[in-house]
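Undergrad: The following comprises the amino acid sequence and a computationally predicted model.
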Amino acid sequence: MLSHAPRFDAAAAARLARDLYGLSGSVRALTSERDQNFLLETDGGERLVLKIANALEDPAMLDAQQRAMTHVGATLALAPRVLSTRAGSTLSTVAENGRQHLVWAVSHCPGIPFGLVRRRSPALLSSLGAEIGALTRGFRGFDHPAVHRDFYWDLARGRSIIAEYRPLIDDRELGAAIDTLMDRFDAQAAAVLESLPRSVIHGDLNDFNVLVEGERVSGFVDFGDMVFGYTVGDLAIAAAYAMLDADDPVAVLTHLVAGYRSRCALTDTELAAVFPLAALRLCTSACVAAHQQRERPDNAYLGVSQAAIRRTLPRLARIPFGFAKAALAPNPASARIVSWLATQSFAPIMDIPSREFLDLSVGGSTMDGVSAGIGRWDEPRLIYTAPFFAGRTIHLGLDLFAPAGTPVSAPLHGVVHAMADNAQPQDYGPVVILRHETDTGTPFFTLYGHLSRHSLGGLTVGQTIARGARIGTLGATDENGQWPPHLHLQLIVDLLDMGTDFPGVGTAAQRDVWRSLSPDPSVLAGLPPSAHEPEKPETLAARRRLVGRNLSIAYADPLKIVRGHKQYLYDDVGRQYLDAYNNVPHVGHAHPRVVAAAARQMAVLNTNTRYLSDRLTEYAERLVATLPAPLRVCYVVNSASEANELALRLARARTGRRDMIVLEAAYHGNTTSLIDLSPYKHLGPGGTGTPSWVHVAPLPDDYRGPYRRADPDCGRKYARHVAELVGPHIAGFLAETCPSVGGQIMLPPGFLPAAYAAVRSVGGVCIADEVQTGLGRMGTHFWAFEAHGVVPDIVVMGKPLGNGHPLAAVVTTREIADAFDNGMEYFSTFGGNTVSCAVGLAVLDVVRDERLQEHALHVGEHMLHGLRPFVERHPIVGDVRGSGLFLGVELVRDRATLEPATVEATAVVNKMREDGILLGTDGPYHNVIKIRPPMPFDLADADRLVETFDAILADGV
Ligand code: PMP
């Protein structure tokens, strides 16, 4: 066939397009082995594909393709349209080298091949499923004699091709995976193939025949492999390629199938066949490739295209067909078994010393030292750290804690089905599975894990165990997988042929599937059902009901976070997120030294500043020591809003004036006065405008503002606008040193010195809001203002000071503090309390001892090095800026107009979250991606962030 491939060059193709279709424009060859395809872009901007068929191509098959595209095209916009020549025909013949080639043309489908999409989001997968469903429907009513053929790639031939070429596979892991999958295929799938509905299908929806734009499928191309085959074949083949290199192939499958079923129904048999047929397709491809490699050992391309299949098949071999089926359609036996069990009475399984439910959930405790109580069923846990758990978190059984040696008995009549000693750490240890039947003969199983090794000696497989008869005894820690002694009791509806390897912990993504395969076994142990923390939708509903609605919630799909550790957050089902957003937990979430300091002080004393306390003076001394003279007097408060309020009072007390100057788009806090001082709020939704006592200077944004970075005088030019606002009525100037809400702005050099000089020239006070930037975050300096060669009169600090404990502070000069001491008492009930000061001291200790400022500089430089090239690589990235672990990436739709890419920025943040990285947007147009992680964020985290961000931008947003 290959020797009969056409060999036209682009000029010849251009001539054909002109002569046959009357079209001219630029012509480019597309890759194709057997045929030739040329992309023609006409002078009018129309794009079409000129197709020159192999000389051996069956004209009937071309006719079938054209008729199919037209038939499908009547209901589906995604199929290419067949174009007619000037003479009105759809197929022409041309000669080359004495051979006849058929020539035709179709419209060009936009988009990039699915195979080049690096991030396959749930939205894209369900779009793919839905469009395949529409394609299946589109094919309805279509038939053609040519597609009733004995075709090599027909799934119905897959099994025999694999049998023929399997011996050619040398890779042992790949061969073993194919053998496992085909053994299962023969045992579980082969018999139902005959009953699968058949119809004409596309036949080759591999990842290069599916085109994608953003998160939507934009085209299906190459109908040359059409065959009258299994109707579900298109879905199965697309699933095969969509699962390549997927971390969770079953999740891919569920998204695809859910999408498909939104457009087209599937029978039960079809549902059961999707995964086996997908596996069959990849096995066929691997075997055919081994054959071709043998024939053409020099063709390196063959090996490369197989790499993903080689990586994926072993992964698929670990997924029982029954599990994939259960993930697509709930097992109908489950509900039947559960209702039957509810009508039965059971013999006691064991002596349970305490029936109190424990909390071993993600936000609860570990199992260390637990000796009594009940561990809950369907509980997400973080304790399963051994590699074989591979991120699974949902506990599928019930844990009954009791001393080692406690006898364990069968709650109901059964037969020993399987037993083993799963000895590796964190596994079941000695485990027994009993088989039972309901009164109507539905089989089910009970599993008893963490027994003593001795227990297994007394049992044989097939042995009948009477209700109440002894199974064994509880194992000690050294024999039960290293756990504190307890029984893991699990009910299993379908063992999926896994025997004693049936998991006791499932994936959160398939929690419902696991619930139906392993329902709550409490009834067997005479216990009430496991009670749970509310799941996310319930918490969300309660929040909507009980909490003010304008307390906004991040992300389109909100997160329920229940644990933090270093730079990581964990949601309620145990998914780990890399926190690149929160600068409040400065030294890391739940830092043990901070936790210990708070707990220690809380247990001894927590009171206010009316009594002398060394914690308060020590903290004031340590904080003041981080600042230059004359900033020597400290007030400790609870929030940055309280701190900014106090700063305003200090400035007014010092000057006897009222008016203030602030920067455009600034945010300084949530109190009434601070909303007045925050244009971001009072000029935004719900705001009532700038009050007369507030004067707003332009934001010195040297990327977007009136004066740009290239102008060496830009800082001073912005400062001139501040100078224009000063006068004898001005009490002070309040500005963040790096406006964060303003869009992670780095103030241009020269701005602050000139602005401060102007304000001071009329006796005004200069206030630096360092709430976002302090404690070494900028890397180069401990406080951001230090980089600008200025010393403010008042410094306001907040967020990071207490690592999440409400702690903020104001530091000023003795002169200003004395002016404020005008007879009116100053008091803040919680400000400077003993616990807050102990926490603040611990945070300062950690910043010093863990050298976090240097760390921020090092990691920040590394991350900037990775992010800066985005400006060249991705047209949407307008600017990358920042210092240390305070960075911003500004997205624009147009490099010239700087039109903000607001929707795109939100999309990036949501996609990053899908990939497990938390970020936010900021800036007046919400188009700046804000990166300000907890300070332990390290080089590997930076690489992960950069790579993920890059992949998202490369796929298009
Ligand atoms: N100043 C700045 C610069 C801030 O970013 C914030 C909070 N985002 C505040 C003040 C107010 O802090 P708080 O919410 O602790 O009152």
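TA: Received the coordinates, thanks. Numbering: from 1, shown residues only.
Undergrad: Next, the closest residue to residue 719 other than its chain neighbours: phi, psi?
TA: Spatially, and ignoring its direct neighbours in sequence, residue 719 is nearest to residue 754 (3.4 Å; C-beta to C-beta, 6 or more residues apart in numbering). Every residue, glycine included, has its C-beta placed from N, CA and C. Backbone geometry at residue 754, expressed as degrees, to the nearest 10, gives phi -70, psi -40.
Undergrad: And the longest helix belonging to the chain, what does it pack against?
TA: Secondary structure of the chain per DSSP state H: the longest helix is helix 268-295. For helix 268-295, the helices and strands in contact under the criterion 3 or more C-beta pairs under 8 Å, 6 or more residues apart in numbering; DSSP states H and E are helix 155-165, helix 172-184, helix 190-193, helix 233-242, helix 249-261, helix 300-317, helix 321-328.
Undergrad: quick one on the thing from earlier: let me know how buried the residue nearest to residue 719 is, in neighbour terms.
TA: Neighbour count for residue 754, taken as other C-beta atoms under 10 Å: 18.
Undergrad: Mind pulling the model confidence for it?
TA: pLDDT recorded at residue 754 is 98.
Undergrad: Looks like it contacts residue 726 (just checking).
TA: No. With contact defined as C-beta atoms under 8 Å, residue 754 and residue 726 do not form a contacting pair (11.5 Å).
Undergrad: So what's the residue count around the closest residue to the ligand within the stretch 451-600 of the chain?
TA: Going by C-beta to the nearest ligand atom, the ligand is nearest to residue 584 of the stretch 451-600 of the chain, at 8.6 Å. Per other C-beta under 10 Å, the neighbour tally for residue 584 reads 19.
Undergrad: Quick check: it touching residue 801?
TA: No. Using C-beta under 8 Å, residue 584 is not in contact with residue 801; the gap is 9.3 Å.
Undergrad: quick one on the thing from earlier: retrieve the pLDDT associated with the residue of the stretch 451-600 of the chain closest to the ligand.
TA: 98.
Undergrad: which ones are touching it?
TA: Counting by C-beta atoms under 8 Å, 6 or more residues apart in numbering, residue 584 touches 799-800, 803-804.
Undergrad: Quick one: those residues as a markdown table, columns for pLDDT and neighbour count too.
TA: Listed next are the contacts of residue 584 as a markdown table, based on pLDDT from 0 to 100; neighbours: other C-beta atoms under 10 Å:
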| residue | pLDDT | neighbour count |
| --- | --- | --- |
| 799 | 96 | 25 |
| 800 | 97 | 28 |
| 803 | 98 | 28 |
| 804 | 97 | 22 |
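Undergrad: Take those and write them to TSV, including distance to the ligand and secondary structure.
TA: Shown next, in TSV, are the contacts of residue 584 (distance: C-beta to the nearest ligand atom, whole Å; DSSP: H, G, I helix; E, B strand; the rest coil):
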residue	distance to the ligand	secondary structure
799	6	helix
800	11	helix
803	13	strand
804	11	coil
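Undergrad: got the angle between the longest helix of the chain and helix 249-261?
TA: Angle between the axes of helix 268-295 and helix 249-261 is 120 degrees (criterion: axes from the mean of the first three to the mean of the last three C-alpha atoms, to 10 degrees).
Undergrad: Report how many residues lie close to the nearest residue to residue 631 once chain neighbours are set aside.
TA: Distance criterion C-beta to C-beta, 6+ apart; nearest residue to residue 631, sequence neighbours excluded, is residue 811 at 4.9 Å. Other residues near residue 811 number 25, with proximity taken as other C-beta under 10 Å.
Undergrad: again with the one 10 residues further on
TA: Residue 821: 12 surrounding residues under other C-beta under 10 Å.
Undergrad: what's the answer for residue 498, then?
TA: Burial of residue 498 is recorded as 15 neighbouring residues (other C-beta under 10 Å).
Undergrad: so what's it closest to, chain neighbours aside?
TA: Residue 498 sits nearest to residue 320 (C-beta to C-beta, 6+ apart), 6.2 Å away.
Undergrad: I'd like to check which residues are in contact with that neighbour.
TA: 184, 496-498.
Undergrad: which ones among the residues you listed come in contact with the ligand?
TA: Residues of these in contact with the ligand (C-beta under 6 Å from any ligand atom): none.
Undergrad: So what's the gap between the helix-or-strand element of the chain with minimal mean pLDDT and the chain middle?
TA: Using mean pLDDT, DSSP states H and E, the weakest-scoring helix or strand in the chain turns out to be helix 300-317, at a mean of 85. Relative to its chain's centre, helix 300-317 lies at 25 Å (C-alpha atoms, centre = their mean, to the nearest Å).
Undergrad: tell me which strands and helices it is in contact with?
TA: Applying 3+ C-beta pairs under 8 Å, 6+ apart, one finds that helix 300-317 contacts helix 172-184, helix 249-261, helix 268-295.
Undergrad: hmm, try it at 6 Å
TA: Here helix 300-317 touches helix 172-184, helix 268-295, going by 3 or more C-beta pairs under 6 Å, 6 or more residues apart in numbering; DSSP states H and E.
Undergrad: Let's have the ones you listed in JSON lines, adding mean neighbour count.
TA: Listed next are those as JSON lines, based on neighbours: other C-beta atoms under 10 Å:
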{"stretch": "helix 172-184", "mean neighbour count": "18"}
{"stretch": "helix 268-295", "mean neighbour count": "22"}
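Undergrad: Per-residue pLDDT of the closest residue to residue 750 other than its chain neighbours, please?
TA: Nearest residue to residue 750 in three dimensions, chain neighbours excluded: residue 715, at 3.2 Å (C-beta to C-beta, 6+ apart). Residue 715 is assigned 98 on the pLDDT scale.
Undergrad: After the one helix or strand residue 715 maps to, which helix or strand is next?
TA: Under the criterion of DSSP states H and E, residue 715 resides in helix 714-725. Per DSSP H and E, the first helix or strand lying C-terminal to helix 714-725 is strand 730-736.
Undergrad: Grab the CA positions of that following strand and hand them over as PDB.
TA: Taking C-alpha atoms only, strand 730-736 is exported to PDB below (Å, rounded to 0.1, in the frame of the first residue of the first chain):
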ATOM      1  CA  ILE A 730      -2.900  66.900  54.500                       C
ATOM      2  CA  ALA A 731      -2.400  64.700  57.600                       C
ATOM      3  CA  GLY A 732      -0.600  62.000  55.700                       C
ATOM      4  CA  PHE A 733       0.100  59.600  52.800                       C
ATOM      5  CA  LEU A 734      -0.900  56.000  53.200                       C
ATOM      6  CA  ALA A 735       0.500  53.500  50.600                       C
ATOM      7  CA  GLU A 736       1.400  49.800  50.300                       C
END
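Undergrad: can you give me how far stretch 350-360 is from the chain middle?
TA: How far stretch 350-360 lies from its chain's middle: 36 Å, per C-alpha atoms, centre = their mean.
Undergrad: State the number of residues packed around residue 364.
TA: Residue 364, neighbours per other C-beta under 10 Å, totals 17.
Undergrad: what's the nearest residue to it if we skip its chain neighbours?
TA: residue 358 (7.5 Å).
Undergrad: Please apply the same query to residue 385.
TA: For residue 385, ignoring the flanking residues on the chain, the nearest one in space by C-beta to C-beta, 6+ apart is residue 426 at 7.2 Å.
Undergrad: pretty sure the one you found is in contact with residue 387, am I right?
TA: No. Using C-beta atoms under 6 Å, residue 426 makes no contact with residue 387, being 9.6 Å away.
Undergrad: quick one, which of those two is more surrounded?
TA: residue 426 (18 against 8).
Undergrad: Please report how far that one lies from residue 871.
TA: Distance of residue 426 to residue 871, given as C-beta to C-beta, to the nearest Å: 47 Å.
Undergrad: quick check: mean pLDDT across the helix or strand hosting residue 599?
TA: For residue 599, the element it lies in under DSSP H and E is helix 592-604. Taken as a whole, helix 592-604 has a mean pLDDT of 98.
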